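> predicted structure and sequence below. I'll ask about it afterward.
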Amino acid sequence: AQKVTQAQTEISVVEKEDVTLDCVYETRDTTYYLFWYKQPPSGELVFLIRRNSFDEQNEISGRYSWNFQKSTSSFNFTITASQVVDSAVYFCALRVNTGNQFYFGTGTSLTVIP
Amino acid sequence: KAGVTQTPRYLIKTRGQQVTLSCSPISGHRSVSWYQQTPGQGLQFLFEYFSETQRNKGNFPGRFSGRQFSNSRSEMNVSTLELGDSALYLCASSLVLGGRALNEQFFGPGTRLTVL
């Protein structure tokens, strides 16, 4: 069975602080894909990044970076120098190669205080 | 390219009624998935359609059903509404090659259903 755990329910940081959102996944499949989505107050989930199980290279995109570690089954997301516009709910998701169903974590609500 | 669109954006219904929600995927995307999002349960997978056929189904009662048309547009229907069906219903589309959905799903803005 597949499972995604986001243990942090809510996080508050002051603007310009760095913040890391944790994601731990469970799967027995050897081929799988991990995703992060952002859900602003408007409600629409916005795709941020995809990683497949064969690519453990970390990625940086502007102020965003992702740390994928298969050894700990984690796919953590760091926002550097946070901004008020980063305030949203962030979801980590898993898809295995045998289907198109996404398994979402429960989300982490991030509030950036000006 | 236009994104995923969902109509209506908001709905208010009463218990026992039925409702139909509509989703138009991104042009060229043939896989459409539906999710229910509630504060207590988070994002839960309802079902996925591809080429007018349901390919995957989540753990929801038979009151929840869907269909997909030849132009890939999809509808989901909930019959005999219950208070607990109040939620944000999200539709997502994916590009499919060789029968397998690739990569990320792109989400619509959702339909917020309130059952009174």
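In hand now; what should we look at? Numbering: from 1, shown residues only, chains lettered A, B, ... in the order given.
> around chain A, pick out the residues from chain B.
Contact residues, chain B versus chain A (CB under 8 Å from any CB of the partner chain): B:31, B:33, B:35, B:42-43, B:45, B:48, B:50, B:55-56, B:58, B:88, B:90, B:92, B:94, B:100-101, B:103-110, B:112. Heads up, the C-betas are built off the backbone N, CA and C, glycines and all.
> give the buried subset of those residues as a ChimeraX selection command.
Filtering the residues of chain B next to chain A down to the buried ones (16 or more other CB atoms under 10 Å in any protein chain shown) takes a single ChimeraX command:
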select /B:31,33,35,42,43,45,48,50,55,56,88,90,92,94,101,104,105,106,107,108,109,110,112
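> have a look at the chain and report the helix or strand with the lowest mean pLDDT.
Picking chain A for this. Of all helical and strand segments in chain A, the minimum by mean pLDDT, DSSP states H and E falls on strand A:59-61, at a mean of 85.
> I was thinking of chain B, sorry if that wasn't clear
Least confident helix or strand, chain B: strand B:100-107 with a mean of 76, by mean pLDDT, DSSP H and E.
> contact residues of chain A facing chain B?
By CB under 8 Å from any CB, the residues of chain A that approach chain B are A:33, A:35, A:37, A:42-47, A:50, A:91, A:99-107.
> ok so A:T30 is a strand residue?
No - the assignment for A:T30, made by DSSP: H, G, I helix; E, B strand; the rest coil, is coil rather than a strand.
> what residue ranges in chain B score low on pLDDT?
B:1, B:98-102 (pLDDT under 70).
> please save the CA atoms from stretch B:53-63 in PDB.
Extracted C-alpha coordinates of stretch B:53-63, given in PDB (Å, rounded to 0.1, in the frame of the first residue of the first chain):
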ATOM      1  CA  THR B  53     -13.600   4.300 -19.300                       C
ATOM      2  CA  GLN B  54     -13.100   4.300 -15.600                       C
ATOM      3  CA  ARG B  55      -9.600   3.000 -14.900                       C
ATOM      4  CA  ASN B  56      -9.200   3.500 -11.200                       C
ATOM      5  CA  LYS B  57     -11.700   4.000  -8.400                       C
ATOM      6  CA  GLY B  58     -11.200   5.100  -4.800                       C
ATOM      7  CA  ASN B  59     -13.000   3.900  -1.700                       C
ATOM      8  CA  PHE B  60     -16.300   5.800  -2.100                       C
ATOM      9  CA  PRO B  61     -19.900   4.600  -2.100                       C
ATOM     10  CA  GLY B  62     -21.800   4.000  -5.200                       C
ATOM     11  CA  ARG B  63     -23.600   7.300  -4.800                       C
END
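> for it, which positions count as buried?
B:R55, B:N56, B:F60.
> out of those, which are inside strands?
If you go by DSSP state E, these have B:R55, B:N56 in strands.
> and the buried residues of stretch B:53-63, which is closest to chain A?
B:N56 (5.0 Å; CB to the nearest CB).
> the closest one contacts A:F102, correct?
No - counting by CB atoms under 8 Å, B:N56 stays clear of A:F102, with 10.2 Å between them.
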